[in-house]
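Engineer: What would the 3D arrangement of this be:
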Amino acid sequence: MALRLLRYSYGAVRSRALAAGLLKPEQIGDLLDCASKTEAERWLEKKVDVPAGAVEAGLHGRFMAFGQKVARSLPAPARELLFSYLSRGQVENLKVLCRNLLADRRQEADRFLLPDAPGKIVTTHCAAAGTPEELLKRLPRSPYRDAVRAALAASPEERLFRVESGLDRTFWEMVRERSRRLAFFDRQAALEILGMRADIEWCRVLGRGIRAGLPAATILDSLPPLGTLLAPRRVRIALKSENPAAAVAQLMTGIDGDPLGTDGETFLLRRLYRHLRRTLISPPFDVSVPLSSLLLMELETHDLKSIFGGKRVGSEREDILPFLSSYGV
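Structural biologist: Residues are numbered from 1 along each chain as shown. Just a heads-up that it's a prediction; the model follows:
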């Protein structure tokens, strides 16, 4: 126990200090009260130093800077785990590029790519590909290239689902592999938090796959290898029932509304937020404190993007609130 305390003493103090700078509920409320997109841009520029006209990229850059500060305060195995998690933005870039190439909208992809960061996957050479097959040839050898290749071999109606869920699953497999390099108690603490984060991906994959009418085997193969909410065996049985949506929904108890839609995702986001907040004030004996601070910043970034996106299309405050993870929890 003493060794664990010493190993993470600086990282825990550093993480808590950084987390203390996260926005307070009343500040989130001020952003919600902005009357327009322009006013919201001004608020973000003043309060969190995100430039107007590049809000999404600026918020992502803010998250990455926060995460790198946390990661660099940790011993090597934990630092590698956090850097592996921070590569998620580059996985999203690859998903965006694949999505637009499959829809023959290559020229639109550049507008949605996140800034360069550690773990870069989509190089300039890759981004210049004109077809999914050309992209596959340009991708460097990695599990992500294998995921794209497997997805492109699927039927046209499954291809987009398989490429996006396959890349996400590959990401979670690599995060899990990094977590296995931690000492036993650190590994258990990390997997609990990461499993709760992966539960949100389970909700998304199950909902999307069921709504698209995809085979149970396709959906099961696409689920993340981490999770705490649902037992894989019970999900397998539910997906093979006559009414998969109803059967899976019965497994996700305590959720008002649609468990496989926005209601379920928000429930899991808020569940994670509450757990992270509790963990942040717990004894700093493992990697859970720095990991909690990182995921709290990720949830804050999610909320700021949700609010700004709502302001951009003229949504009312009441229409945005159901999408937030950290406000009113």
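
Engineer: contact partners of stretch 76-88?
Structural biologist: 8, 11, 64, 67-68, 70-72, 74, 117-119, 121, 171, 174-175, 178-179, 181-183, 186, 190, 194, 287, 290-291, 294 (C-beta atoms under 8 Å, 6 or more residues apart in numbering). Yep, even glycine has a C-beta here, placed from its N, CA and C like the rest.

Engineer: which residues of the stretch 1-150 of the chain score low on pLDDT?
Structural biologist: In the predicted model, the stretch 1-150 of the chain carries pLDDT under 70 at residues 1-6, 106-112, 115-119.

Engineer: quick one: the helices in it?
Structural biologist: With DSSP state H, counting those that start in this stretch as the criterion, the stretch 1-150 of the chain has helices at 2-7, 9-19, 25-32, 37-48, 55-71, 76-86, 88-102, 124-127, 132-138, 143-152.

Engineer: okay, the ones you listed in TSV with distance to Lys305 and mean neighbour count next?
Structural biologist: TSV is the format used below for these (distance: least, C-beta to C-beta, whole Å; neighbours: other C-beta atoms under 10 Å):
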stretch	distance to Lys305	mean neighbour count
helix 2-7	34	12
helix 9-19	19	18
helix 25-32	11	15
helix 37-48	10	16
helix 55-71	6	19
helix 76-86	17	20
helix 88-102	12	21
helix 124-127	22	14
helix 132-138	26	16
helix 143-152	24	19
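
Engineer: before we move on, back to that, so which of the contacts of stretch 76-88 belong to strands?
Structural biologist: Judged by DSSP state E, strands contain none of the contacts of stretch 76-88.

Engineer: Out of the residues you listed, which end up buried?
Structural biologist: 8, 11, 64, 67-68, 70-71, 74, 117, 119, 121, 171, 174-175, 178-179, 182-183, 186, 190, 194, 287, 290-291, 294 (16 or more other C-beta atoms under 10 Å).

Engineer: so Ser325 sits right up against Tyr273, yeah?
Structural biologist: Yes - counting by C-beta atoms under 8 Å, Tyr273 is a contact partner of Ser325 at 4.9 Å.

Engineer: The lengthiest helix in the chain: what's the following helix or strand?
Structural biologist: For the chain, the longest helix by residue count, based on DSSP state H, is helix 184-211. Per DSSP states H and E, helix 184-211 leads on to helix 216-222 as the next helix or strand towards the C-terminus.

Engineer: Check which residues of the very next helix or strand once past that next one are buried.
Structural biologist: Following helix 216-222 in sequence order, the next helix or strand is helix 232-239 (DSSP H and E). For helix 232-239, burial by neighbour count (16+ other C-beta under 10 Å) applies to 235, 238-239.

Engineer: what inclination does the longest helix of the chain have with respect to helix 232-239?
Structural biologist: If you take axes from the mean of the first three to the mean of the last three C-alpha atoms, to 10 degrees, helix 184-211 sits at 0 degrees to helix 232-239.

Engineer: let's number from 13 now, not from 1
Structural biologist: Shifting the count to begin at 13 puts that one at helix 196-223.

Engineer: Tell me which residues are up against stretch 155-172.
Structural biologist: Residues from elsewhere that reach stretch 155-172 (C-beta under 8 Å, 6+ apart): 103, 106, 110-111, 114, 133, 144-145, 147-148, 151, 174-175, 178-179, 181-182, 185-186, 224, 226, 230.

Engineer: Swap in 6 Å and give it another go.
Structural biologist: For stretch 155-172, the surrounding residues in contact (C-beta atoms under 6 Å, 6 or more residues apart in numbering) are 114, 133, 144, 148, 151, 174-175, 178-179, 182, 230.

Engineer: What is the end-to-end distance of it?
Structural biologist: End-to-end distance of stretch 155-172 (C-alpha to C-alpha, to the nearest Å): 18 Å.

Engineer: re earlier: and the buried residues of helix 244-251, which is closest to Asp211?
Structural biologist: Proximity of those to Asp211 (C-beta to C-beta) peaks at Val247, which lies at 11.8 Å.

Engineer: Distance check, that closest one against Ala32.
Structural biologist: 39 Å (C-beta to C-beta, to the nearest Å).

Engineer: Are there residues contacting both of Ser337 and Tyr285? Which ones?
Structural biologist: Leu311.

Engineer: Enumerate every residue touching the residue lying closest to Gln102 once chain neighbours are set aside.
Structural biologist: Counting by C-beta to C-beta, 6 or more residues apart in numbering, Gln102 lies nearest to Ile133, which is 4.4 Å off, once chain neighbours are set aside. Residues near Ile133 by C-beta under 6 Å, 6+ apart: 102, 106, 156.

Engineer: and Ile133, backbone torsions?
Structural biologist: Torsion angles at Ile133 (phi, psi; degrees, to the nearest 10) stand at phi -110, psi -50.

Engineer: ok, the contacts of Ile133 vs Gly276, which is closest?
Structural biologist: The closest of the contacts of Ile133 to Gly276 turns out to be Leu106 (C-beta to C-beta; 26.0 Å).

Engineer: mind listing what the closest one touches?
Structural biologist: Applying C-beta under 6 Å, 6+ apart, the residues near Leu106 are 133-134, 179.
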